[in-house]
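S.K.: just the structure for this:
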Amino acid sequence: MISNTRPNENLIPVIIPSYEPDARMTQLVKELADEGEFVIIVDDGSGEDYAGFFEEAKELLSENGVILRHDVNRGKGAALKTAFKYVIDNYNTAIGTVTADSDGQHSVASIKDVKKSLLKNKQNLILGVRSLDGDDIPWKSKVGNAITKKVTRYVSGLDVSDTQTGLRGIPLKFMEELLSVKGDRFEFEMRMLLEAKGKFDIIEVPISTIYESKEHHSTHFNPFADSVRIYKVLGESFIRYIFSSLSSCVLDIALFAVLCTFLRGKYTVYIGISTVIARIISATYNFFLNYKMVFKSKEKVGTAAVKYVCLAVLQMALSAVLVTAGVRWLAVVPETFVKIVVDTCLFFVSYKIQQKFVYISRNPFIMRSGS
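M.R.: Modelled structure (predicted):
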């Protein structure tokens, strides 16, 4: 570890998590050192074969930085949290940090642009967003970001231009909260975006992205394992929504069966009574499960409940109308099949309506500007 005596007024360190780096890391460190930037490098268990690169970085930084080390590879998220904790423990009046990748994809000019934006917007999350339309961009980056962007927008409501950017300006207060956020690998950066909801607005700063070539672009991102982790994070709220809906359905049926057993022979309309009571209880259960567990709503309970009831009535009416129309247009198709298709579509539409209008949890304001 490098000792340092740097004052922490208006300090915004540049954090570089690094695993098995090459000369591109030391070149980036040299350029940052030449600009007088305070740099924190995290050697994420790279091993002895890569020690030379970190020694060179140590010499380049002199007293203007620090190198932290993991004994074994723990992942990018863990490396970032190690650096966050170091800043919080040693520079608790710092404005925040800027994170950058060690593979040379982020120019010093772009890093400084993000830093300037954080300096002006001290309580916002700053994203250095890439333009992924050029011919020099690897197709995996283009396709991966496009798909992840759409999935993120659907499941979380966040309309972020570049969900996978590693160049970010993070306020100190947000860093403190992120220390307790799950995720030690690439999925941590996705959790960071989701954690910003209702807490920190987002400013997007256009940046240039440097790739040597499509053939020689290297990354430690595992297309399968890390994508699974990221989509698992994105899918958590929707999986909870599915659980909420299915468990409500099971509760409704179970209550209906129990009530019919007790009321049969006592009331001629016992089926109707059982249906209404079971539906009221299961709907109440579904409402509060969605409110607390699925959408983690900030909306007032009473307001959300009124909107929930209105949506339930509308959804039931639409189901009846669309199934009736479908059966008439497709006379050879069984009614049950039509209902399954219609209700499945309404299930996905209902998720978005509940997310945006029923259980309102303020999404961050996203400013696509470099100012």
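
S.K.: how is this protein divided into domains?
M.R.: Per the record, the chain has its domains at 14-221, 235-294, 297-362, by automatic domain parsing.

S.K.: compute the first-to-last residue distance for the second one.
M.R.: Using Cα to Cα, to the nearest Å, the gap from the first to the last residue of domain 235-294 comes to 11 Å.

S.K.: for the stretch 201-350 of the chain, give me the ranges with low pLDDT.
M.R.: Judged by pLDDT under 70, the stretch 201-350 of the chain has its weakly predicted residues at 210-227, 229.

S.K.: as a check, name the ranges of all strands in it.
M.R.: With DSSP state E, counting those that start in this stretch as the criterion, the stretch 201-350 of the chain has strands at 202-207.

S.K.: sorry, back to before: which one, of the domains of the chain, ends up nearest to residue 228?
M.R.: Residue 228 sits nearest to domain 14-221 of all the domains of the chain, at 8.9 Å, using Cβ to Cβ. For every residue, glycine as well, the C-beta is placed using N, CA and C.

S.K.: does residue 129 count as helix, strand or coil?
M.R.: What DSSP: H, G, I helix; E, B strand; the rest coil gives for residue 129 is strand.

S.K.: tell me the contacts of the closest residue in space to residue 238 that isn't next to it in sequence?
M.R.: Take residue 238 and drop its neighbours on the chain: the residue closest to it by Cβ to Cβ, 6 or more residues apart in numbering is residue 155, 5.1 Å away. Residues near residue 155 by Cβ atoms under 8 Å, 6 or more residues apart in numbering: 234, 235, 237, 238.

S.K.: recalculate using a threshold of 10 Å.
M.R.: Contact analysis of residue 155 by Cβ atoms under 10 Å, 6 or more residues apart in numbering lists 194, 231, 233-239, 241, 351-352, 355.

S.K.: distance to residue 332 and neighbour count for the residues you listed - can I get that in JSON lines?
M.R.: Shown next, in JSON lines, are the contacts of residue 155 (distance: Cβ to Cβ, whole Å; neighbours: other Cβ atoms under 10 Å):
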{"residue": "194", "distance to residue 332": "45", "neighbour count": "16"}
{"residue": "231", "distance to residue 332": "38", "neighbour count": "17"}
{"residue": "233", "distance to residue 332": "43", "neighbour count": "22"}
{"residue": "234", "distance to residue 332": "39", "neighbour count": "23"}
{"residue": "235", "distance to residue 332": "36", "neighbour count": "14"}
{"residue": "236", "distance to residue 332": "40", "neighbour count": "16"}
{"residue": "237", "distance to residue 332": "39", "neighbour count": "18"}
{"residue": "238", "distance to residue 332": "34", "neighbour count": "17"}
{"residue": "239", "distance to residue 332": "36", "neighbour count": "13"}
{"residue": "241", "distance to residue 332": "33", "neighbour count": "23"}
{"residue": "351", "distance to residue 332": "31", "neighbour count": "20"}
{"residue": "352", "distance to residue 332": "32", "neighbour count": "13"}
{"residue": "355", "distance to residue 332": "37", "neighbour count": "23"}
